[in-house]
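*Asks:* have a look at this prediction, sequence included:
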Amino acid sequence: MARVLVVEDDVQTAAEIAAALGDSGFDVDCAHTGREGLLKAGADTYEAIVLDRMLPGGVDGLTVLSTLRTVGVEAPVLILSALSAVDERVRGLRAGGDDYLTKPFEFLELTARIEVLVRRQAIPRRDTMLHVGDLEIDLLSREVRRAGRLVELLPREYHLLEYLMRQPNQVVTRTMLFEEVWGYHYDERTNVIDVHIGKLRRKLDEGGLPTLIHTVRSSGYVLRAAE
Amino acid sequence: MSSVRLSDLRRTTSFRLALLFLALFGAASLTLFGFLYWQTAGYLKNGTDEWLARELASLVAASPSQLIEHLNEHAARDPEGDRPFALFDAAGHGVAGKVANLPTPSPSNRPFEFRLNRRGEAVTFRGLAHRLPSGDVVLVSQNVHEMHEFRELLVGAMAWGGLLVLIMGLAGAAVIGAGSVRRIDEVARAIERIVNGNLAERLPTRGTAGDLDRLVDVVNGMLDDIERLMHEVKGVSDGIAHDLRTPLTRLLAGLERAARRAASVEEFAAAVDEAIVETKAVLSTFGAMLRISEVEDGARRTGFTTLDLAAIAADVRDFYEPLAEGKGVSLSLKDGSRGSAKMAGDPSLLFEAIGNLVDNAIKFTPSGSRVTLRIFRANENLGVIVTDTGPGIPAEEREAVLRRFYRAERSRHTPGSGLGLSLVAAVARLHGLDVVIEDAKPGCRVTLRREGASTWPTLAAAVTQDTRPAALGR
């Protein structure tokens, strides 16, 4: 079971995050100050760290992060921030963060991102073919086949599918898709991603095949082999 | 108008200035009058002294018997005794002439003044005495009473004139000072009313373009700005009240209903799902509001990079294409930048802004029509135009739609927070772009273009030519 450290000063928020991550199958430790977080992260190995940007007591999130990176702790870090200045994101990532989430956030968003961070370390990206059920894509020729039949996709649809195929059975949120596939960072709240997914889904499921892309709690998707 | 208190008057700048000028003017006049007096009095005295010296010389030159004769002749010519000549013995007793005793002191050969009784009145004379070798003393003199009177008249005129000037000056200063006190009072009262909440109030002007008027004009301009900002803030608060209270009310109502009535796990689950949807809507509005503030405070400019506007437009088209297709609207991109659409900016913000315009255009354009996204470059001007063939925005609403939470009547019942266009405006401002909303006949055309007064006409011409080929011949 993957272990995650949550460094968050608000006890109730920390408990909620721990509960949400616990529900997703993570083993969660909590720290409530920067100092405690540094001690725990240094003493133990974690697969991921959720780090609040603003911590009381002189040791704030970015200090914790740069200290961890200096002493060689390489666990992926997701920064949580209530700071509204938009370039905080850039600052957080520059300090060594792997992902950035602004409060308030949906827990689905948090758990999905943590799963991607944890899984990214586990699976090396050296495959040339990806398979999910009867769906396969060739990363070199960019050919997509469903049940042996060639599926014609537009470049953007291919990118979308490739990203989903790299995170099989994992929830991926709209925001994550928007960031990864389109490369822009803002909280895209329209349903345009749904329309893209819908088109992709129709192409993949053509001929009455069971759907592979499932919608999760109205804001995320999961690519899962039909049972 | 209330009366002006003296203590107020004393402190006014114009009153003090008037007093200062009065003092300067007084000093200058005093000097001038003093000089005049000194010159005039000196002239009169010198004339007298010269005449006295001449007469004395002719008397002294004569022999003693001739002297007596001269004195008698002179006395006959001068019955009034205005120019008495006299001869005194060594003891100072009168020998001849109309002066009984030698006035004391009577310095020799130096003019001096003395008094004699004339018809019971002491009259001032100016005289010149000479002691003869025999010990007798000759005196010539002249009544200088008129000269003295003239001098007194001169001083009196100066004093009275000065007093008059002083009174008039003080009165003038008081009038001017009172006027300025009244004026300041008016302005102060207007400001008090504004402070007490009447933001529509303006400071009074007199239309004289005086210095106070100019100041008042500037302050009134500032008040216009403040009033506009206050209205915007009020609009935003109203918007927040509406857009946040409505979902919050639904959220609360749903949860209360579940607590009251839900009997099964399924019913509770449904209530929770509804609550989540409402909460997300609240968070979404909240987030959009914060984003606009962030963009507006300009801090994001630190994250600017060099980007290709045409590439961003292509991404926007790519992103919104399925949405347009689903609605039966054709979305096309025309890149008129000829490969030079580079500018400094934030790619995500520009994508969001252009995306918002395209999203709106698709939303308001009926099925079967077109939305065009165009990148143009005219000289140094770079910009994006989004044109739709929808109902357009009425001229009187074009500025208002850029304000936060403004919802045009027709869009009141379509989903959205009413923040989209104000975000576009904020992003455009951050990038130094102008937002221009025009009538595309039919439809609406929104242009984001780089500001620059000097190149404005060429740009406007380029835009016009683009859309109205008839104007090309010009």
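*Replies:* On my side now, so go ahead.

*Asks:* going by C-alpha atoms from here, please, whenever you check contacts or count neighbours.
*Replies:* Noted.

*Asks:* what is the neighbour count of the closest residue to chain A within the stretch 201-350 of chain B?
*Replies:* Going by CA to the nearest CA, chain A is nearest to B:Ser348 of the stretch 201-350 of chain B, at 5.0 Å. Using other CA atoms under 10 Å in any protein chain shown, B:Ser348 is surrounded by 14 other residues.

*Asks:* please apply the same query to the one 10 residues further on.
*Replies:* The burial metric for B:Val358, expressed as a neighbour count using other CA under 10 Å, is 27.

*Asks:* swap in B:Arg54?
*Replies:* When neighbours are counted by other CA under 10 Å, B:Arg54 comes out with 11.

*Asks:* quick one: pLDDT of it?
*Replies:* pLDDT for B:Arg54: 91.

*Asks:* distance between the ends of stretch A:55-75?
*Replies:* Chord length of stretch A:55-75, first to last residue, is 20 Å (CA to CA, to the nearest Å).

*Asks:* can you confirm B:Gly81 is in a helix?
*Replies:* No. Checked against DSSP: H, G, I helix; E, B strand; the rest coil, B:Gly81 lies outside a helix; its state is coil.

*Asks:* give me the pLDDT value at it.
*Replies:* So, for B:Gly81, pLDDT stands at 78.

*Asks:* contacting residues for it?
*Replies:* Residues counted as contacts of B:Gly81 (CA atoms under 8 Å, 6 or more residues apart in numbering or on different chains) are B:Ala75, B:Lys98.

*Asks:* next one: it from B:Asp136, what distance?
*Replies:* From B:Gly81 to B:Asp136 the distance is 21 Å (CA to CA).

*Asks:* and A:Val144, by the same measure?
*Replies:* A:Val144 is 155 Å from B:Asp136, by CA to CA.

*Asks:* just the element for B:Pro222, please.
*Replies:* In this structure residue B:222 is Met, not Pro. Taking DSSP states H and E as the criterion, B:Met222 maps to helix B:211-261.

*Asks:* avg pLDDT for that helix?
*Replies:* Rounded mean pLDDT across helix B:211-261 is 84.

*Asks:* close to chain A, is that helix?
*Replies:* No. Contact of helix B:211-261 with chain A is not found when judged by CA under 8 Å from any CA of the partner chain; the minimum separation is 15.3 Å.

*Asks:* buried residues in stretch B:367-378?
*Replies:* Neighbour counts over stretch B:367-378 (16 or more other CA atoms under 10 Å in any protein chain shown) mark B:Ser367, B:Arg370, B:Val371, B:Thr372, B:Leu373, B:Arg374, B:Ile375, B:Phe376, B:Arg377, B:Ala378 as buried.

*Asks:* pipe these into a markdown table and attach distance to B:Leu333 and secondary structure per row.
*Replies:* Below are the buried residues of stretch B:367-378 laid out as a markdown table (distance: CA to CA, whole Å; DSSP: H, G, I helix; E, B strand; the rest coil):
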| residue | distance to B:Leu333 | secondary structure |
| --- | --- | --- |
| B:Ser367 | 18 | coil |
| B:Arg370 | 11 | strand |
| B:Val371 | 9 | strand |
| B:Thr372 | 6 | strand |
| B:Leu373 | 5 | strand |
| B:Arg374 | 6 | strand |
| B:Ile375 | 8 | strand |
| B:Phe376 | 11 | strand |
| B:Arg377 | 14 | strand |
| B:Ala378 | 17 | strand |
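
*Asks:* secondary structure class for the residue at minimal distance from the centre of chain A?
*Replies:* Nearest residue to the geometric centre of chain A (CA atoms, centre = their mean): A:Arg113, 2.1 Å. Counting by three-state DSSP, the backbone at A:Arg113 sits in helix.

*Asks:* what's across from A:Val216 in the sheet?
*Replies:* A:Gly220 (DSSP bridges).

*Asks:* show me where the chain has its strands.
*Replies:* Reading this off chain A. Assigned by DSSP state E, the strands in chain A fall at A:3-7, A:27-31, A:48-52, A:77-81, A:99-102, A:129-132, A:135-138, A:143-146, A:149-151, A:171-173, A:213-216, A:220-223.

*Asks:* you answered for a different chain; I wanted chain B.
*Replies:* Under DSSP E, chain B gives strands at B:85-88, B:94-97, B:112-118, B:121-131, B:137-143, B:305-308, B:330-336, B:342-345, B:370-378, B:381-388, B:433-439, B:444-450.

*Asks:* which of those has the lowest mean pLDDT?
*Replies:* Of all those, strand B:94-97 has the smallest average pLDDT, which comes to a mean of 78.

*Asks:* chain A contacts on chain B?
*Replies:* So far as CA under 8 Å from any CA goes, chain B lies against chain A at B:283-284, B:290-291, B:294-295, B:299-300, B:302-303, B:315, B:319-320, B:322-323, B:347-349, B:351-352.

*Asks:* hey, where'd the helices end up in chain B?
*Replies:* Here chain B has its helices, by DSSP state H, at B:6-11, B:13-61, B:64-77, B:145-195, B:211-261, B:265-296, B:309-327, B:347-364, B:420-430, B:456-467.

*Asks:* which residues touch the shortest one?
*Replies:* Going back to what we said before, that points to helix B:6-11. With CA under 8 Å, 6+ apart, helix B:6-11 has contacts from B:Phe15, B:Arg16, B:Ala174, B:Gly177, B:Ala178, B:Val181.

*Asks:* cool, thanks, signing off.
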